[in-house]
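Student: Need coordinates for the following:
(one chain, ligands or ions: 1)
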Amino acid sequence: MAPAEDRDLGHEFDPRFRVISVTARGAPLRTLPSMNAPIKNDRIEWLQGPSADGAAKCSSVPAGRKNPWRLVLLGAPGVGKGTQAELLTERLGACHLSTGDVFRAASKRKDCDQSPAMVAALDYMRRGELVPDSTVWEMVRERSHCILGCGGFILDGFPRTLGQAESLKELMETESIALSAVVNYELPLDEIVERLSGRRTCEQCKAVFHVTERPSKGGAICDRCGGRLYQREDDRPESITVRLEAYERSTAPLIQFYRNLGVLTPVVAKGTPDEILGRTMKGLDRANDRVKTA
Ligand code: AP5
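Tutor: Just a heads-up that it's a prediction; the model follows:
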């Protein structure tokens, strides 16, 4: 049986997680699951999609739960969505689904394995522009079982336009499932640019580091898997400017869209990743309370 505090969260207790205490709104200590046995999901079905041909399966998928977490992470490029998604995956046990990771995985395939739409999409990405909605939606739709599965999800980088948000809403409505919350990370522009220009990513396990803020102990080698760290092409200054403009024009309007739906959870993205994770968990706790009293 789950401890009372875990049942309070409204999400089924998962015995893989130990319990820690945090203070929420000065209220009595409330317990949240902490990372005891982190889930290492290689996300191969999400990253490769149907081209994985049914042969390649994720090494582990989150176990089905009665109330899985279904989250969207919003925020400007470089605000730290991917970093938080990794931490939240360990904490909540839902799959981290990043559309940017799908495009980067495709860019590593041989040219002849890429559809014309994917070749065009990678061009948009290099320039820092948004990939057209039709291409993004096609890619997400063919992986919809990752979204509709009963282990939950943490969407990072999708939806990014009102059109994509409407498509996601329709998909979820057909299965009578709803978003638990949409977390909007907020950070001043100068700190965003600093995070983007210092980012390094592992080409093997996709772990994200920062040259000064979150360096790998192995220098240019990933200290988790031994892979090589590289700087993303779209982290060059000229692409960063284009990405931030695209965010303001196309993605920022989603804040109001989700506020109107009553699921927006704003989180200040200053401080260390663990501090931001703590704030996020408190925000999710409040979102949960809202659902219970609705
Ligand atoms: P995508 O991969 O989604 O990139 P993004 O949204 O631009 O976000 P980033 O990955 O750049 O940043 P992040 O917020 O995840 O920050 P991170 O955790 O890495 O998309 C790339 C491209 O693909 C798009 O431009 C577009 O072309 C295309 N695309 C993807 N999805 C699309 C869609 N749905 N529609 C259309 N086009 C799409 O952190 C950044 C750095 O900061 C890291 O170095 C990290 O270590 C560091 N850091 C993180 N947290 C902290 C902290 N608290 N303190 C200090 N440093 C920190």
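Student: which residue packs closest to whatever residue of the chain ends up closest to the ligand, ignoring adjacent ones?
Tutor: Taking C-beta to the nearest ligand atom as the measure, the point where the chain comes nearest the ligand is Gly100, at 1.8 Å. Quick note: C-beta positions are derived from backbone N, CA and C, even for glycine. Distance criterion C-beta to C-beta, 6 or more residues apart in numbering; nearest residue to Gly100, sequence neighbours excluded, is Gly157 at 4.6 Å.
Student: wait, what's in contact with the one you found?
Tutor: Residues in contact with Gly157 (C-beta atoms under 8 Å, 6 or more residues apart in numbering) are 73, 81, 98-101.
Student: Make CSV out of the residues you listed and add distance to Asp190, pLDDT and neighbour count.
Tutor: Shown next, in CSV, are the contacts of Gly157 (distance: C-beta to C-beta, whole Å; pLDDT from 0 to 100; neighbours: other C-beta atoms under 10 Å):
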residue, distance to Asp190, pLDDT, neighbour count
Leu73, 21, 98, 25
Lys81, 18, 97, 25
Ser98, 25, 94, 23
Thr99, 26, 95, 21
Gly100, 22, 94, 19
Asp101, 26, 91, 19
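Student: ok, now which ones touch the residue of the chain closest to the ligand?
Tutor: Gly100 sits in contact with 82, 125, 156-157, where contact means C-beta under 8 Å, 6+ apart.
Student: Go back to those and keep what's next to the ligand.
Tutor: 82, 125, 157 (C-beta under 6 Å from any ligand atom).
Student: tell me which element the second one is part of?
Tutor: If I follow you right, that is Met125. Per DSSP states H and E: Met125 is located in helix 116-127.
Student: what comes up buried for that helix?
Tutor: Residues of helix 116-127 classed as buried: 118, 121-122, 124-125 (neighbour count, 16 or more other C-beta atoms under 10 Å).
Student: so which one among those has the lowest pLDDT?
Tutor: Ranked by pLDDT, the buried residues of helix 116-127 bottom out at Met118, which has 88.
Student: Which stretches in the stretch 51-200 of the chain count as helices?
Tutor: 81-92, 99-107, 116-127, 133-141, 144-148, 162-174, 189-197 (DSSP state H, counting those that start in this stretch).
Student: Quick one: those helices as a markdown table, columns for distance to Tyr258 too.
Tutor: Rendered in a markdown table, the data for the helices of the stretch 51-200 of the chain read as follows (distance: least, C-beta to C-beta, whole Å):
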| stretch | distance to Tyr258 |
| --- | --- |
| helix 81-92 | 15 |
| helix 99-107 | 17 |
| helix 116-127 | 24 |
| helix 133-141 | 17 |
| helix 144-148 | 17 |
| helix 162-174 | 8 |
| helix 189-197 | 20 |
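Student: and the ones you listed, which is most packed in?
Tutor: Mean neighbour count (mean count of other C-beta atoms under 10 Å) peaks for helix 81-92 among the helices of the stretch 51-200 of the chain, with a mean of 23.
Student: so what does it touch, helix or strand wise?
Tutor: If you count contacts as 3 or more C-beta pairs under 8 Å, 6 or more residues apart in numbering; DSSP states H and E, helix 81-92 packs onto strand 30-34, strand 70-74, strand 95-98, strand 153-156, strand 181-186, strand 208-210, helix 273-293.
Student: Worst mean pLDDT among those?
Tutor: The minimum mean pLDDT among the helices and strands packed on helix 81-92 belongs to strand 30-34 (a mean of 37).
Student: and the stretch 1-150 of the chain, which residues reach the ligand?
Tutor: Counting by C-beta under 6 Å from any ligand atom, the residues of the stretch 1-150 of the chain close to the ligand are 75, 77-83, 98-100, 103, 124-125, 128-131, 136.
Student: What residues sit buried inside stretch 247-257?
Tutor: Using 16+ other C-beta under 10 Å as the test for burial, stretch 247-257 gives 247, 250-251, 254-255, 257.
Student: tell me which helix or strand of the protein sits lowest on mean pLDDT?
Tutor: Ranked by mean pLDDT, DSSP states H and E, the weakest helix or strand in the chain is strand 18-22, scoring a mean of 29.
Student: still on that earlier bit, distance to Gln231 added to the helices and strands packed on helix 81-92, as TSV?
Tutor: Shown next, in TSV, are the helices and strands packed on helix 81-92 (distance: least, C-beta to C-beta, whole Å):
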stretch	distance to Gln231
strand 30-34	32
strand 70-74	22
strand 95-98	18
strand 153-156	19
strand 181-186	22
strand 208-210	11
helix 273-293	20
